[in-house]
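>>> How does the following fold in three dimensions:
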Amino acid sequence: MKKVPFIRIPLLAAASLLLALIVSGCEPRPDPANEVEAEPVRMVEALDEDMGPNPWVLDIEAATLANPHYRIAVWTGPYMQMVLMTLQPGESIDLEVHEDHDQFIRIEQGQARVLMGQTADELDFDAHVEGDWAIMIPAGYWHEIRNTGVNELKLYTLYAPSEHPAGTLHETYEDAAGHY
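Here you go, the predicted model:
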């Protein structure tokens, strides 16, 4: 058995270090000379416009849960897009494939069935998900997400690169027909 060398710290040095951490509250003190004035954050009451490609922050959970639209692109940049979606009971994200990009979906509320496969005729991946679950969809995989619950399915999705035109808004499932 190989012995691991043990580093000895003199007791006085260890006690001094511990005392310094306790007195300082274990928090680094900011250097006023290095402070940079932060840009004001643009808060949005209602998400009715695409905020990309500008820097932006939001409470993603609150925004997703408050979204009344079937699909709305809320941030579109040159390499990524964030879309909020609300599916009514029985609605789905219809069978589709993205040949050149991956997709991430997070379920905030509701229940869904996830079907995926390498061909549209063979969806051999079948999973049931609910709030707080994430779905990773590799480029080239056919996929369909069905709301299997009795309540709305609330989710957000990230496409890399963007999938929809900036500012895309589909109020209802019917409005989105043919716009994958």
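>>> hey, where'd the helices end up in this protein?
11-24, 60-66, 173-176 (DSSP state H).
>>> Any idea which of these has the lowest pLDDT on average?
Ranked by mean pLDDT, the helices of the chain end with helix 11-24 at the bottom, a mean of 45.
>>> Name the residues of stretch 149-157 that are buried.
For stretch 149-157, burial by neighbour count (16 or more other C-beta atoms under 10 Å) applies to 149, 152, 153, 154, 155, 156, 157. No exception for glycine: its C-beta is placed from N, CA and C like everyone else's.
>>> Filter those down to the ones in strands?
Taking DSSP state E as the definition of strands, those contribute 153, 154, 155, 156, 157.
>>> Assess the claim that the first one and residue 90 are in contact.
This points to residue 153. No. Using C-beta atoms under 8 Å, residue 153 is not in contact with residue 90; the gap is 10.0 Å.
>>> Tell me, how many residues neighbour the residue nearest to residue 74 when sequence neighbours are not counted?
Counting by C-beta to C-beta, 6 or more residues apart in numbering, residue 47 is the residue found nearest to residue 74 once chain neighbours are left out, at 5.1 Å. The tally of other residues near residue 47 (other C-beta atoms under 10 Å) stands at 20.
>>> Please apply the same query to residue 163.
Residue 163, neighbours per other C-beta under 10 Å, totals 19.
>>> The residue nearest to residue 102 when sequence neighbours are not counted: what's it in contact with?
Nearest residue to residue 102 in three dimensions, chain neighbours excluded: residue 139, at 5.3 Å (C-beta to C-beta, 6+ apart). Residues in contact with residue 139 (C-beta atoms under 8 Å, 6 or more residues apart in numbering) are 98, 99, 100, 101, 102.
>>> And residue 150, by the same measure?
residue 89.
>>> Offset the numbering so it begins at 454, please.
Fine by me, first position is 454 from now on; the one you just mentioned is residue 603.
>>> and it, how far is that from residue 537?
For residue 603, the distance to residue 537 equals 21 Å [C-beta to C-beta, to the nearest Å].
>>> Then residue 588?
15 Å.
>>> more neighbours, those two?
residue 537 (24 against 18).
>>> Surely the more buried one and residue 527 touch.
Yes. In this structure, residue 537 is within contact of residue 527 by C-beta under 8 Å, at 5.7 Å.
>>> okay, and for the chain, where does confidence drop off?
Along the chain, the model assigns pLDDT under 70 to residues 454-499, 632-633.
>>> For it, just list every one of the strands.
524-529, 534-540, 545-549, 555-562, 564-570, 578-583, 587-590, 595-600, 606-613, 622-623.
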